[in-house]
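*Asks:* attaching a predicted model along with its sequence, questions to come.
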Amino acid sequence: MSRIGKNPVEVPSGVEISIVNDLLTAKGKNGTLTVRLHEAVEVSQGDGKVVVSPREGASAARKMWGTMRSMINNAVIGASEGFTVRLLINGVGYRAAVQGNILNLQLGYSHDIQYPIPEGITVKCERPTMIEISGASKQQVGQIASEIRAYRKPEPYKGKGVKYENELIVRKEGKKK
């Protein structure tokens, strides 16, 4: 029995859910998100809730039950509120700036890194050492944050690099004399 899958997804006011064939569409103030439903689970909608249940006899049903519920929940939250990831930059001379639809990163290399911002994603740099990525799709926001972090991962000796806001960097002791 899936602990996540058995909980229904609450649909807030302002979000419309429609289920057609194997597509669930969540439409809200942040846009429209679609989730392709797996054939091993059944999805039903009623009185402000979406209920996901496994089909009988399908071995993949027990595997996909909680996953489908999480994907539907992410689509509902993304359509109503959206998702935000903050990245912190630490290092002398390391900084970021948004110029139009391009994120300009200076991370200690001999050249600046020009990262194009995709459609549907908003990137803000309130400070030169903080990047805020927001959008409706949790997968897309997380992917972009991961790609930006991969340009200069935080190193364990001085902590220099790009890290998530809530990430803990385990520091190592340097050389001893």
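*Replies:* In hand now; what should we look at?
*Asks:* what lines up beside the longest strand seen in the chain in the sheet?
*Replies:* Taking DSSP state E as the criterion, the chain has its longest strand at strand 83-90. Taking DSSP bridges as the criterion, strand 83-90 pairs within the sheet with strand 130-135 (antiparallel), strand 161-164 (antiparallel).
*Asks:* could you export the helix or strand following the longest one as PDB, CA atoms only?
*Replies:* Under the assignment DSSP states H and E, the closest C-terminal helix or strand after strand 130-135 is helix 138-150. Extracted C-alpha coordinates of helix 138-150, given in PDB (Å, rounded to 0.1, in the frame of the first residue of the first chain):
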ATOM      1  CA  LYS A 138       8.800  21.700 -10.800                       C
ATOM      2  CA  GLN A 139      10.800  19.500 -13.100                       C
ATOM      3  CA  GLN A 140      11.900  22.400 -15.300                       C
ATOM      4  CA  VAL A 141      12.800  24.700 -12.400                       C
ATOM      5  CA  GLY A 142      14.900  22.000 -10.800                       C
ATOM      6  CA  GLN A 143      16.600  21.100 -14.000                       C
ATOM      7  CA  ILE A 144      17.700  24.700 -14.700                       C
ATOM      8  CA  ALA A 145      18.900  25.100 -11.100                       C
ATOM      9  CA  SER A 146      20.900  21.900 -11.400                       C
ATOM     10  CA  GLU A 147      22.500  23.000 -14.700                       C
ATOM     11  CA  ILE A 148      23.500  26.400 -13.300                       C
ATOM     12  CA  ARG A 149      25.000  24.700 -10.200                       C
ATOM     13  CA  ALA A 150      26.900  22.300 -12.400                       C
END
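*Asks:* buried ones in helix 138-150, by neighbour count?
*Replies:* 138, 140, 141, 144, 145, 148, 149 (16 or more other C-beta atoms under 10 Å). Where you see a C-beta, it was placed from the backbone N, CA and C, and this is true even at glycine.
*Asks:* let me have the residues you listed in TSV, adding pLDDT and distance to residue 80 as columns.
*Replies:* As requested, the buried residues of helix 138-150 are exported to TSV (pLDDT from 0 to 100; distance: C-beta to C-beta, whole Å):
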residue	pLDDT	distance to residue 80
138	94	13
140	94	17
141	95	15
144	95	21
145	95	21
148	95	26
149	95	27
